[in-house]
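In: Pasted the sequence and its predicted model underneath.
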Amino acid sequence: MQITFLGTSSGVPTRTRNVSGVALRLPQRAEVWLFDCGEGTQHQFLRSELKVSQLARIFITHMHGDHIFGLMGLLASCGLAGNPQRIDIYGPPDLDEYLKASRRYSQTHFSYPIKVHTVRPGVVFEDEEYTVSCQLLKHRVPAFGYRVAEKDRPGHFNVEKATALGIPSGPLYGKLKRGEHVVLPDGRRVNGADFCGSTQVGRKLAYCTDTIFCDSAIELAQGADVLIHEATFAHQDAELAYQRLHSTSTMAAQVALAAQVQQLIMTHFSPRYAPGNPLELRDLLMEARAIFPNTEMASDLWTFEIPRREVSKLAGVKK
């Protein structure tokens, strides 16, 4: 699981930061999932290592322009490029109407299937490998945060050990890989767990923007490997944050601390903290690290690989 930040500014783009967009690359299945799609997101795709042809799912947090104005352009470009893949789009109730109106007035026809899913708190997508759920955050319009949870996988199966013990290949290997107890043709009883390495714990990502500090963000991020959280304002501008229902750097850090995440990555920064101003983004980073040391600040086109943790079979301890 690899995160690429396509836009990290709030409200308007700057010379160095585009508006909101975060891509999650799933290399093992050659898919890209996109979270929010601000204006210019398709240009950011071109500047990155991502392939728009692999775009499979788009998750929209809310209907503010800096999170959706790039959506129609991106979808239209996929169609003109002859992208045959179906794209599933998830978001608030008004999203489907917005896309229908945009297609009607621009007379845009997509040459590939698109399905819009209206989300509500709970599970919005699940397959054999991943579960995606959402929670309602606290903003001026209905805004959802998303959590992507990769399902645990059994450890590597030791074929050499099974062969050395004379266990015939075939259906028995499948049962052993799943950790089941198996009775062999000669009457021996073996435990599949003895042939598998440590369980590969599924990685978890939480994406929370736009929102002020709220309990639902903590719930969504609980135990996540990575929390991406907006940090529009510095701590000294908390009054502005409360007025506009956005977060400060310290609020983002407090969510990370309360949720006991492994890594906090802040994004969605106000242009008021550009270099040369009394407060700069490095000040926001220092504020957050004072509360939650394992904090990073996202920048456009920065890529972050979510590390995998394992569970020891003997101690049951996450590594």
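Out: Structure received. Remember, predicted model here, so these are calculated numbers, not experimental data. Numbering: from 1, shown residues only.

In: Enumerate the positions of the lengthiest helix in the chain that are buried.
Out: The longest helix of the chain (DSSP state H) is helix 94-106. For helix 94-106, burial by neighbour count (16 or more other CB atoms under 10 Å) applies to 95, 98-99, 102-103. Using the backbone N, CA and C atoms, a C-beta is placed for each residue, glycine as well.

In: again with stretch 45-64
Out: Here stretch 45-64 shows 45, 48, 50, 52, 54-55, 57-64 as buried, counting by 16+ other CB under 10 Å.

In: re the thing from before, C-alpha coordinates for the next helix or strand after the longest helix of the chain, CSV please?
Out: Sequence-wise, the next helix or strand downstream of helix 94-106 (DSSP states H and E) is strand 114-118. Output in CSV follows, covering the C-alpha atoms of strand 114-118 (Å, rounded to 0.1, in the frame of the first residue of the first chain):
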residue,chain,number,x,y,z
ILE,A,114,-19.2,4.6,-13.8
LYS,A,115,-21.2,3.7,-10.6
VAL,A,116,-21.8,6.3,-8.0
HIS,A,117,-22.4,5.1,-4.4
THR,A,118,-24.0,7.4,-1.9
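
In: Stretch 284-304 - what's its average pLDDT?
Out: If you average the pLDDT over stretch 284-304, you get 98.

In: Any chance you could list what contacts it?
Out: Residues outside stretch 284-304 that contact it (CB atoms under 8 Å, 6 or more residues apart in numbering) are 2-8, 16-18, 44, 47-49, 226, 228, 231, 234-235, 248-250, 252-254, 256-257, 262-267, 269, 273, 281-282.

In: Any of those residues buried? List them.
Out: If we count by 16+ other CB under 10 Å, the contacts of stretch 284-304 have these buried: 3-8, 17-18, 44, 48, 226, 228, 231, 234-235, 248-250, 252-254, 256, 262-267, 269, 273, 281.

In: circling back: which among the buried residues of stretch 45-64 gets closest to residue 161?
Out: Residue 161 has its nearest neighbour among these in residue 54, at 36.9 Å by CB to CB.

In: Pretty sure residue 167 sits against residue 176.
Out: Yes - proximity of residue 167 to residue 176 meets the contact threshold set by CB atoms under 8 Å, at 7.5 Å.

In: Hmm, residue 58 is touching residue 72, no?
Out: No - using CB under 8 Å, residue 58 is not in contact with residue 72, being 11.6 Å away.

In: How about residue 168, nearest residue that isn't a chain neighbour?
Out: Among residues not flanking residue 168 along the chain, residue 185 sits closest, at 7.3 Å (CB to CB, 6 or more residues apart in numbering).

In: what secondary structure does residue 19 sit in?
Out: coil (DSSP: H, G, I helix; E, B strand; the rest coil).

In: Give me the neighbour count for it.
Out: Residues contacting residue 19 under the criterion other CB atoms under 10 Å number 28.

In: Report the contact partners of it.
Out: 7, 9-13, 38-40, 66-67, 69-70.

In: What separation do you get for the residue nearest the centre of the chain and residue 39?
Out: Nearest to the geometric centre of the chain sits residue 205, at 5.0 Å (CA atoms, centre = their mean). Residue 205 sits 24 Å away from residue 39, taking CB to CB, to the nearest Å as the criterion.
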